[in-house]
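J.: have a look at this prediction, sequence included:
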Amino acid sequence: MSEKKDDMADDQVHLDETFEDIMIDGAPDELETLRAERDDLRDKWMRALADAENSRKRADKDRRDAENYGGSRLARDMLPVYDNMKRALEAMTEEFRAQAAALAEGVELTQRELVHVFEKHGIHKIAPAVGDKFDPSHHEAMFEAPVPGTVAGDIIQVMDEGFMLHDRLLRPAKVGVSSMPKS
């Protein structure tokens, strides 16, 4: 056991001598080199930490986008189904409704269920009205016409409703716009 103590004492003496050699033999240069290396490693570590945090945030955003907008292609493909049901209901006369009440009711219920599913998944209608101002971020102008009693930029006809998926445009509302010059 005393041999072990002597070995440890020898190591301590050796370490002390080495430390003294460093301190005496060019200590300022060695110390500056070590500080520079430490600062460089700290900088690399901070950059790696920031990069990891940015990667985590990007992955979180990608996950949220996939949840919110992952079904946008399917939703866009379902919009013509809604349009056709709406056209079918608009084309039904009162006489037809009287003769085929069950069919008319079935189409209405199916359209209502489709709208319910759209809303459940964050799809909302853009339904401008005649007289509203044209908004190029939500409307697509299909034609322009001078209509008396309107102002340039007013919607004069709505051909198709538009749809939003959360805060993204799925399809703009298709409208006609007044081009009436100012009098």
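T.: Yep, it's here.
J.: ok, the residue nearest in space to the middle of the chain to residue 72 distance?
T.: Central residue check for the chain by Cα atoms, centre = their mean: the C-alpha nearest the mean position is that of residue 65, 4.7 Å away. To residue 72, residue 65 is 10 Å away according to Cβ to Cβ, to the nearest Å. Backbone N, C-alpha and C define where each C-beta goes, glycine included.
J.: check residue 147 too.
T.: Between residue 147 and residue 72 the computed distance is 35 Å (Cβ to Cβ).
J.: now the element after the lowest-mean-pLDDT helix or strand in the chain, going C-ward?
T.: Lowest on mean pLDDT, DSSP states H and E among the helices and strands of the chain sits helix 2-24, with a mean of 55. Using DSSP states H and E, the helix or strand that follows helix 2-24 in sequence is helix 27-69.
J.: give me the mean pLDDT for that following helix.
T.: What helix 27-69 shows for mean pLDDT is 90.
J.: now that helix, how far from the centre of its chain.
T.: Here helix 27-69 is found 26 Å from its chain centre; the criterion is Cα atoms, centre = their mean, to the nearest Å.
J.: next, give phi and psi for residue 167.
T.: Backbone torsions of residue 167, given as degrees, to the nearest 10, read phi -110, psi 10.
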